[in-house]
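Asker: Provided below are the primary sequence and the corresponding predicted coordinates.
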Amino acid sequence: PKLRIQHEGIDTGVASPNAAATFAVPGTDLVLKAGDEVVTFVNRNLEPYRGYHVFMRALPDILRARPNAHAVIVGGDNVSYGASAPAGKTWKQIYLDEVKDALPMSRVHFVGKVPYPQFVALMQVSAAHVYLTYPFVLSWSMLEAMSCGALVVGSATPPVTEAIRDSDNGLLFDFFDPKALAARVVEALAHPARYSEIRKRARASIVERYDLATRCLPAWLRIVDDAAALSPRA
C-alpha cells in the first residue's frame, strides 16, 4: 500500500511529428526525409538484450526486398544490460559479421550515439522503427518514437505489449522470428498509406498515457503532496 508506480513522462511537444524533418547521415552526403524508405533501430548499446541480433538477421531480407531502403542503426559498442561479448569482440561486430556478406553495406548506416535532437529527427523520418527487448525495462526511445508518429514494429514481449496493441498503435512479432520481422517491415515500406492511422494512434496513445505536462508530472506532484501529508509539517 505504500508503493506507487509512475512513469517519468514523455515530452510530447518535443517528440512530435514533423513532415519537414530531415536526417543527415553522418560521414555521408545522404540526407533522409519523411517519405523515404528509412528503417531505424536504436539501442543505447547494440547488444542481444535489446534484440540487435534479431534485427541484423532480418536486415538482409528487408534490404533485398526493398532496393531503395536505408537502415539507420543508432547505438554504441559497449554493453548496458546483458552479458559482455567474448574478449576482444563487440556484439555489434559479431552479428554484423554474421550477415554482412548478404548486406548492401552502402545502405546500412551505423551512426553510433547521436544527440537527442538528431534522434528526434530520425524518428520523424522513420518509415519503420524496429524495437526489440527481452522482458525488461521498456526503453524511453520506443515511447518517444511513437510520440513522433513513427510506425513501431516491436517484439511481442511483456514490456512492449504494455504500450503497443498489435495493428492498432503499432505492429508486433515474435522476438525469435527474424523472418516475421522482415515481412512486417517490408509490408510497411511497400504500403505506407495503410499504416497512417496506426501512426496517428501511436502518438495519441503516448499523449494520453505518458505525456509529461498533462499526465505524468501532475501525478508525480500528487505523490509528493500525499507523502508530505502523512507527517506533520514544521
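Answerer: Arrived safely. Residues are numbered from 1 along each chain as shown.

Asker: CA atoms for contacts and neighbours, from now on please.
Answerer: Will do.

Asker: so F41: helix, strand or coil?
Answerer: F41 falls in the strand class when you classify it by DSSP: H, G, I helix; E, B strand; the rest coil.

Asker: surely L59 is within a strand?
Answerer: No: using three-state DSSP, the assignment for L59 is helix, not a strand.

Asker: ok, it touching A182?
Answerer: Yes: at 6.9 Å, L59 and A182 qualify as touching, with contact defined as Cα atoms under 8 Å.

Asker: mind listing the strands for this protein?
Answerer: In the chain, strands defined by DSSP state E lie at 22-24, 31-33, 38-45, 70-76, 108-112, 128-131, 152-155, 171-173, listed in chain order.

Asker: the second one pairs with which strands?
Answerer: Spelled out, it's strand 31-33. strand 22-24 (antiparallel) (DSSP bridges).

Asker: who touches the strand it pairs with?
Answerer: The contact list for strand 22-24 (Cα atoms under 8 Å, 6 or more residues apart in numbering) reads 30-34, 118, 121-122, 124-125.

Asker: contacting residues around Y210?
Answerer: Y210 touches 7-10, 216, counting by Cα under 8 Å, 6+ apart.

Asker: could you list the low-pLDDT ranges of this structure?
Answerer: Low-confidence segments of the chain (pLDDT under 70): 233-234.

Asker: most widely separated two among the contacts of strand 22-24?
Answerer: Farthest pair in these (Cα to Cα) is L30 and Q124. Separation: 16.2 Å.

Asker: and the two? which has more neighbours close in?
Answerer: Higher neighbour count among L30 and Q124: Q124, with 27 against 10, using other Cα atoms under 10 Å.

Asker: how close does that one sit to L143?
Answerer: Distance, Q124 to L143, by Cα to Cα, to the nearest Å: 13 Å.

Asker: sorry, back to before: give the buried subset of the contacts of Y210 as a PyMOL selection command.
Answerer: To isolate the buried ones among the contacts of Y210 in PyMOL, judged by 16 or more other Cα atoms under 10 Å, type:
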select buried, resi 9+10+216
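
Asker: make CSV out of the contacts of Y210 and add distance to A202.
Answerer: Below are the contacts of Y210 laid out as CSV (distance: Cα to Cα, whole Å):
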residue, distance to A202
H7, 17
E8, 18
G9, 15
I10, 13
C216, 18
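
Asker: restricted to helices, list the contacts of Y210.
Answerer: Counting by DSSP state H, none of the members of the contacts of Y210 fall within helices.

Asker: what sits against A58?
Answerer: 178-179, 181-182.

Asker: now the buried members of those residues.
Answerer: Using 16+ other Cα under 10 Å, the buried members of the contacts of A58 are 178-179, 181-182.

Asker: am I right that A202 is in contact with G149?
Answerer: Yes: applying Cα under 8 Å, one finds A202 in contact with G149, separated by 6.2 Å.
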